[in-house]
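>>> Quick check, what structure comes out for this input:
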Amino acid sequence: MIKVLILTDDIEGWTTKLEKELKAPKILKYKNQVIIQTELFYFHIQRYISESMRGYAFSCAIIDKPIDRKFECDVLRPCVKCSIITTKDCYLSY
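Okay, here's the model as predicted:
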């Protein structure tokens, strides 16, 4: 199974896009996250990632919101096995 983490403030937009493209997805909706699953893919769409997710393992991640570089290095990179894709300038500047 290919696990994809999507960090975004537009959870509804990403959910709609994936629903249209995937056939018969199983969708679980929570307050700050949505999980979409098919036989091949597992999409975990959420607004934020916490340090408690350090033990999770994702095949790749899509970042669609600004995040801190230190947070990416300390928490996100250890969770993602292949690549982290950004959709725009997603790093907070100081």
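
>>> List the buried residues in the helix or strand bottoming out on mean pLDDT in the chain.
Using mean pLDDT, DSSP states H and E, the weakest-scoring helix or strand in the chain turns out to be helix 69-71, at a mean of 80. By neighbour count with 16 or more other Cβ atoms under 10 Å, helix 69-71 contains the buried residues Phe71. C-betas here are computed from N, CA, C, even on glycine.

>>> 17 is where my numbering starts, stick with that
From this message on, residue numbering opens at 17, which makes the last subject helix 85-87.

>>> other SSEs contacting it?
Applying 3 or more Cβ pairs under 8 Å, 6 or more residues apart in numbering; DSSP states H and E, we find helix 85-87 packed against no helix or strand.

>>> What about Arg70, how many residues nearby?
12 (other Cβ atoms under 10 Å).

>>> Contacts only, for Lys33.
Listed by Cβ atoms under 8 Å, 6 or more residues apart in numbering, Lys33 has no contact partners.

>>> what about it, helix or strand, and which?
Secondary structure from DSSP states H and E places Lys33 in helix 27-37.

>>> Which positions in that helix come out as buried?
Quick answer for helix 27-37 (16+ other Cβ under 10 Å): Ile27, Trp30, Thr31, Leu34.

>>> Relative to Gln62, which of the residues you listed is nearest.
Nearest to Gln62 among those is Ile27, at 7.2 Å by Cβ to Cβ.
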